[in-house]
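J.: The following block contains a protein sequence and its predicted model.
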Amino acid sequence: RGARWDPAAPRPASLYARRCQAHSDVKAPPASESKDAGTSSQGWRIKMLYDGECPLCMREVNMLRERNKSYGAINFVDISSKDYSPKDNQDLDYETAMGRIHAILSDGTIVTDVEAFRRLYEEVGLGWVYAVTKYEPVATIANAVYGVWAKYRMEVTGRPPLEEIFAARRQAVSWFYFLFLELHI
């Protein structure tokens, strides 16, 4: 199966994102500014939560980042960063965010799946790419296809299953707290 995934290992600089559906009925208080260094937009209209460890995902993120330079509408948040904070992202914990793509509108609405991609693309002048996904039966088919991608993306990109990644992350956090307590007691 190859080398094991190391959550502490540096990531390649050129990585990319994925596809989604909306939970427009999910409302929360307005989202606060993210700490995703160098990628936040002051007047963002949508926040993209992405897995910075996913090489295929990062291809899309980088394309959107490049387009966003002209729009300043998207705030990019790497959920795999050790600095990721659910509190700053509508209380979406790491495990939930890793399950499928999430975006947060500036009013606090959380959108997922193909709906999130459609909203992100609209913000950078590429709304036509996903426009057809607003209509049935295309919306249902697109979300089903995305669901398969979300379920198997770890295997497709050569990464361990989500359960192993979650366990490694919990272990890293446990060690951090242990060291913190040892140094401060």
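T.: Received it, and whenever you're ready, just let me know what you need. Bear in mind that the values here come from a model prediction, so they are computed numbers and not experimental data. Numbers count the residues shown, from 1 in each chain.
J.: How much space separates the residue lying closest to Ala139 once chain neighbours are set aside from Ala142?
T.: Nearest residue to Ala139 in three dimensions, chain neighbours excluded: Thr133, at 5.3 Å (C-beta to C-beta, 6 or more residues apart in numbering). Where C-beta positions appear, they are placed from N, C-alpha and C, glycine not excepted. Thr133 sits 5 Å away from Ala142 when distances are taken as C-beta to C-beta, to the nearest Å.
J.: partners of Asn75 in the sheet?
T.: Lys47 (DSSP bridges).
J.: Okay, it and Arg65: tell me how far apart.
T.: Taking C-beta to C-beta, one finds Asn75 at 11 Å from Arg65.
J.: Of the two, which one has the most company?
T.: Neighbour comparison, Asn75 and Arg65: the larger count goes to Asn75, with 25 against 19 (by other C-beta atoms under 10 Å).
J.: State the pLDDT value of that one.
T.: At Asn75, the model reports a pLDDT of 97.
J.: Any figure for the gap between it and Lys134?
T.: Distance from Asn75 to Lys134, counting by C-beta to C-beta: 24 Å.
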